[in-house]
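Participant: could you work out the structure for the sequence below:
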Amino acid sequence: LALAGSPGGGQHYDYYGWQPEILPHGRFYGREAQCLDIPPDMQLCRDVGYKRMRLPNLLEHETMAEAKQQASSWVPLLAKQCHTDTQLFLCSLFAPVCLDRPVYPCRSLCEVVRDSCAPVMESYGFPWPEMLHCGKFPSDHELCIAVQFGNSKATPPPVSKICTQCEMEHKADGMMEQMCSSDFVVKMRIKEMTEENGERRLVAAQKKKVLKLGPLKRKDTKKMVLHMRNASTCPCPQLDSLSGSFLVMGRKVGGRLLLLAIYPWQKHNKEMKFAVKFMFSYPCPLYHPLLYGAGQH
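Facilitator: All right, here's what the predicted structure looks like:
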């Protein structure tokens, strides 16, 4: 684990010199922390590089159950591989390494992860959250967790990487997870597709079948227009041809309908048929994955 500003680097560090804004009243210094094994089912921080974590963590989660529950919302972002240090940054907060004092991520670590991952989050209608505001973390000359596996700049996305909305699940469970946490699910044809302001705009044909209505109003379904954020330059194999029907899932954000996932409709696909038939009986988690339509917790 690389630490910036550590005594081994020839710099003296005063542990009390930097008071984190995200933990007002200095709660870490008023109560004794516990050191616990990182549980195997805390998927976000599995194989992070150390075995034990500190509770309360650096996001004020006091119990392991709360820490695991909140951390699970970030697993889909980790799967997007938007930066090589995403896990290091998130786990430094959700499952901080167990030392004699809390050690926060460096501001530069936060910034490189944010610069690479915020565009991915925006594609799903989520801003970079205030609780991860990089200005809250210490500068590199203080003791903090530094950029480790990635470089000091944002990781540019591969030119050939397909649009995030076009990454398909191949099993019914994966599709139903997406359906659970999407506001709406619709079977439809696409009348036309245009590109503007860095996004694709899909206009639905008049005839469509709403499988999950959610917050949609009559006007939303009558003239349905779906927006794919940050998708004007990435490939989407499903949209190479607009013939046939599509299964689409999305969220309603600020009056606009954001496309989160799209599948070519395949009536002989057993996994898809099962997912559509049983989506309302599927045991949806209380906290939906961050990148599939979860609310702000």
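
Participant: tell me which element residue 83 falls in.
Facilitator: Residue 83 belongs to no helix or strand when elements are defined using DSSP states H and E.

Participant: same question, residue 54
Facilitator: Assigned by DSSP H and E, residue 54 belongs to strand 52-55.

Participant: pretty sure residue 260 belongs to a strand, no?
Facilitator: Yes: under DSSP: H, G, I helix; E, B strand; the rest coil, residue 260 sits within a strand.

Participant: which stretches in the stretch 51-200 of the chain count as helices?
Facilitator: For the stretch 51-200 of the chain, the helices defined by DSSP state H, counting those that start in this stretch occupy 64-72, 75-79, 86-94, 107-123, 172-181.

Participant: follow-up on the earlier one: what sits up against the strand holding residue 54?
Facilitator: Around strand 52-55, the neighbours that count as contacts under Cβ atoms under 8 Å, 6 or more residues apart in numbering are 33-38, 45, 61-64, 67, 95-99, 102. Just so you know, the C-beta spots here come from the backbone N, C-alpha and C atoms, and that holds for glycine as well.

Participant: related to what we said a few turns ago, which stretch in the helices of the stretch 51-200 of the chain has the least confidence?
Facilitator: The weakest mean pLDDT among these belongs to helix 75-79, with a mean of 84.

Participant: and that helix, what does it pack onto?
Facilitator: Judged by 3 or more Cβ pairs under 8 Å, 6 or more residues apart in numbering; DSSP states H and E, helix 75-79 is in contact with helix 86-94, helix 107-123.

Participant: and of those helices, who's closest to residue 200?
Facilitator: Residue 200 sits nearest to helix 107-123 of all the helices and strands packed on helix 75-79, at 10.9 Å, using Cβ to Cβ.

Participant: packing partners for that closest one?
Facilitator: helix 75-79, helix 86-94, strand 144-145.
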